[in-house]
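>>> heads up, no residue letters with this:
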């Protein structure tokens, strides 16, 4: 039987006894884990310690969650502080509602504090994290699927997402099919992640330019995807607020990329003080242990063979 649409989950939460397991929260947590894992590998490849990314994330993630929620509540305040609103719902982050702009801005503040404490340049850390960050956003979009939210205009294309009557903002009570903007953004963000990894390897970007490319790439996609959405939003000059935000940030990111490339070409040589020395000491220690075990395992036969080799070399040198 062919399915002409993408079905939505019948519910966004599964109860394991008294414990609620929410799909939205799982998507966010998996995204954070992937971002830290990929960021750690990239940071290590640039000369840092892999665990440093996780250490800094301890500061960045809580700041980011608070910033994301604040941005959402401020720009969509009606359900919380408007008529018939309930301000307590502003704290129910598990029900959805995180603004990426606030998350990145306040998350960057937390990361800056942690980087400053460790003597690490924030732009270099941001470059290492950028591909993982946009991949985390891609994974997090599946949380909107679980919550049946942030979809696009009504459509009957084969990849449309089915939204039940309880979540239909156009015709409440009527089940319909809509553009799956969560899926569009998921695919776009995966593509941006691959672009960042390729560009960084190909051009050895540094000094925050990978992060700037992430902002430009993400906002380029977010702009047209945001334009397709039909959920309530504030408009400025006929465009949704987030569309204007995408345009402004895209221009700023491109400007930073161009100016940074002229003022500070190349890539940072030292990204974490002491990391390379520790790595060298570890390698040296392993080499010493290895050579010690090899010398301790010498046998008379090997010693005789070594003497024979030296004799041959001496004879060879005398011929010339």
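Thanks, I have it. In this text the structure is predicted, and so the values were computed from the model without any measurement.
>>> domains for the protein, by residue range?
Partitioning the chain according to automatic domain parsing yields domains covering residues 13-263, 275-319.
>>> Can you flag the weakest of the ones you listed by average pLDDT?
Looking over the domains of the chain, mean pLDDT reaches its minimum on domain 275-319, with a mean of 51.
>>> Burial-wise, tell me which of the domains of the chain comes out on top.
Each of the domains of the chain was scored by mean neighbour count; the highest is domain 13-263, a mean of 18, by mean count of other Cβ atoms under 10 Å. Heads up, the C-betas are built off the backbone N, CA and C, glycines and all.
>>> mind listing the helices for the stretch 201-320 of the chain?
In the stretch 201-320 of the chain, the segments counted as helices under DSSP state H, counting those that start in this stretch are 209-228, 241-263, 275-296, 300-319.
>>> for the first one, packing partners?
It stands for helix 209-228. Here helix 209-228 touches helix 122-140, helix 181-203, strand 239-240, helix 241-263, going by 3 or more Cβ pairs under 8 Å, 6 or more residues apart in numbering; DSSP states H and E.
>>> how does it look with 6 Å?
Counting by 3 or more Cβ pairs under 6 Å, 6 or more residues apart in numbering; DSSP states H and E, the packing neighbours recorded for helix 209-228 are helix 122-140, helix 181-203, helix 241-263.
>>> Compare those helices and give me the one nearest residue 11.
Comparing the helices and strands packed on helix 209-228 against residue 11 with Cβ to Cβ, the closest turns out to be helix 181-203 (17.0 Å).
>>> who's in contact with the closest one?
Taking contacts as Cβ atoms under 6 Å, 6 or more residues apart in numbering, the residues outside helix 181-203 that touch it are 130-131, 134-135, 137-138, 141, 144-145, 151-152, 210, 213-214, 217-218, 221, 225, 228-229.
>>> so what's the backbone phi/psi at residue 19?
The phi and psi torsions at residue 19 (degrees, to the nearest 10) take the values phi -100, psi 120.
>>> how far away is it from residue 66?
Counting by Cβ to Cβ, to the nearest Å, the separation of residue 19 from residue 66 is 24 Å.
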